[in-house]
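Trainee: A predicted structure for the sequence below; I have some questions about it.
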Amino acid sequence: MDIKSGHSSPVMTDSPPISNSRLTIRQNRLPYSAAAATALSQNNNLLLTVPRKKAGILDDVKSSSWLDAMKSSSPPPAILNKDNISSDAADMSYGEWTLKYPSALTTFEKIMSFAKGKRIALFLDYDGTLSPIVEEPDCAYMSNAMRTAVQNVAKYFPTAIISGRSRDKVYEFVGLSELYYAGSHGMDIMSPTGESLNHKHLIRSTVSVNEEGKDVSLFQPASEFLPMIDKVLFLLVERTKDIKGVKVEDNKFCISVHYRNVEEKNWTLVAQRVDDVIRTYPKLRLTHGRKVLEIRPVIDWDKGKAVTFLLESLGLNNCEDVLPIYVGDDRTDEDAFKVLRDGPNHGYGVLVTAVPKDSNAFYSLRDPSEVMEFLKSLVTWKRSMG
Ligand SMILES: O=P(O)(O)OC[C@H]1O[C@H](O[C@H]2O[C@H](CO)[C@@H](O)[C@H](O)[C@H]2O)[C@H](O)[C@@H](O)[C@@H]1O
């Protein structure tokens with residue numbers, strides 16, 4: 001991406017990277033075409049200001065919100081925590097909660113009545129949606145039955161996997177070349193074999209070859225940040241290697257620091273070490289996932305933007321006769337749910353959760369096995385339409 005030409009990465013607009021930080025942004029109004037953060041810092045018209053507390057986040061960590069966010073990032077079904085589940089939602093039984101977020105299985109007929117005469121575009125998160133959450137991130141395999149369900153649904157509807165993982169890793173897990181893949185929270189988008197990413201605002205998609213040696217098209221809005229991410233990856237591995245159970249995962253355009261297997265008494269230490277590193281990198285921000293701290297570039301790009309980008313590439317944006325459906329389980333999927341709820345591409349978010357949570361989704365599914373049922377139902381419905 002050419003930062004000098006101004007054809008480059010977007011600039012972030014969502015939640016501040018750490019508590020008490022304030023982010024002031026003047027956004028470029030051209031979609032997907034703001035300059036990279038490096039260029040922005042030199043350009044008064046696109047000022048990006050990220051004031052940070054000099055003392056770092058440790059005080060915040062000790063005093064609650066940051067650590068609470070870590071604790072509540074993936075509660076076991078029995079524990080409902082106020083930080084990622086509103087008290088209203090936490091007070092409800094799952095049955096009551098589904099009055100607000102109905103099951104996509106029990107209301108399947110209703111959903112399909114909206115889909116009649118429309119083209120469905122399907123977006124699927126990976127971890128916690130297509131594969132169950134497991135202790136070891138490298139072992140989050142999807143079942144063959146799930147793979148077949150995804151393969152079948154992709155015969156009828158354009159289908160994309162949108163993941164926080166690196167694109168290579170998620171491709172390795174899923175292994176279906178007929179799908180679109182958006183790795184690194186949407187910052188690494190690949191077309192299926194033989195297809196290209198056509199986009200009216202296209203900044204730069206590059207032709208590459210996939211694992212089978214076939215031509216694919218790539219769109220990587222954060223490529224400028226790669227050298228920085230590599231450096232920070234190295235530092236994070238070094239600075240956390242003495243904490244038992246930490247795993248630092250290279251997700252190419254972002255980094256995941258997992259603390260699922262770290263003793264809870266050491267979570268503050270993990271937070272402190274991560275902050276020590278990223279504090280000196282104002283062009284990186286931190287978000288929370290399921291027992292994971294995610295470090296990514298300060299650009300206005302997320303899973304929601306990736307969905308919009310893909311719909312535009314597919315020629316399906318702003319079309320009355322298109323129904324996008326996004327299925328996901330994580331906080332990062334909320335960006336996509338929001339885009340489908342509020343944006344011009346009206347569609348449905350389906351939240352995968354076994355506990356009540358507030359969400360921008362319309363519908364719910366309990367777990368990956370229900371996701372598989374839903375995918376199968378879509379295929380059956382489509383076949384029944386002739
Ligand atoms: O966007 P996703 O496809 O949902 O990816 C989000 C993160 O998923 C992975 O971590 C999560 O799943 C692991 C395996 O079940 C689990 O061990 C971990 O605690 C979860 O946070 C993945 O490892 C991360 O890189 C992704 O960002």
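Mentor: Thanks, I have it.
Trainee: and Thr287, helix, strand or coil?
Mentor: Applying DSSP: H, G, I helix; E, B strand; the rest coil to Thr287 yields a three-state assignment of strand.
Trainee: now Ala160
Mentor: Going by three-state DSSP: Ala160 is strand.
Trainee: burial of the closest residue to it other than its chain neighbours, as a residue count?
Mentor: In space, and not counting its chain neighbours, Ala160 is closest to Tyr180: 3.7 Å by Cβ to Cβ, 6 or more residues apart in numbering. C-beta: built from backbone N, CA, C; applies to glycine. Tyr180: 25 surrounding residues under other Cβ atoms under 10 Å.
Trainee: ditto for Lys118
Mentor: Using other Cβ under 10 Å, the number of residues around Lys118 comes to 15.
Trainee: next one: Tyr94
Mentor: Counted with other Cβ under 10 Å, Tyr94 comes out at 15.
Trainee: Next up, the contacts around it.
Mentor: Listed by Cβ atoms under 8 Å, 6 or more residues apart in numbering, the contact partners of Tyr94 are 354-356.
Trainee: Quickly note the distance from it to Glu373.
Mentor: According to Cβ to Cβ, to the nearest Å, Tyr94 and Glu373 sit 17 Å apart.
Trainee: so what does the longest helix anywhere in the chain touch, helix or strand wise?
Mentor: For the chain, the longest helix by residue count, based on DSSP state H, is helix 368-384. Other helices and strands packing on helix 368-384, by 3 or more Cβ pairs under 8 Å, 6 or more residues apart in numbering; DSSP states H and E, are helix 108-115, strand 119-124, helix 144-156, strand 348-352.
Trainee: now do 7 Å
Mentor: helix 144-156 (3 or more Cβ pairs under 7 Å, 6 or more residues apart in numbering; DSSP states H and E).
Trainee: Identify all contacting residues around the helix it packs on.
Mentor: 122, 124, 130, 159, 174-176, 178-179, 368, 372, 375-376, 378-379, 382 (Cβ atoms under 7 Å, 6 or more residues apart in numbering).
Trainee: For whichever residue of the stretch 51-200 of the chain sits closest to the ligand, which non-adjacent residue is spatially closest?
Mentor: Going by Cβ to the nearest ligand atom, the ligand is nearest to Gly164 of the stretch 51-200 of the chain, at 2.6 Å. Distances taken as Cβ to Cβ, 6+ apart put His185 closest to Gly164, at 5.0 Å, once the chain neighbours are dropped.
Trainee: mind listing what that neighbour touches?
Mentor: Going by Cβ under 7 Å, 6+ apart, His185 touches 164, 254, 296, 302-303, 332.
Trainee: so of the residues you listed, which ones are in strands?
Mentor: Using DSSP state E, the subset of those located in strands is Arg296.
Trainee: Next, count neighbours for Asp168.
Mentor: 17.
Trainee: Helix, strand or coil: sort out it for me.
Mentor: What three-state DSSP gives for Asp168 is helix.
Trainee: Now do the same for it: its pLDDT.
Mentor: We have a pLDDT of 95 for Asp168.
Trainee: before we move on, what about Ser5?
Mentor: 30.
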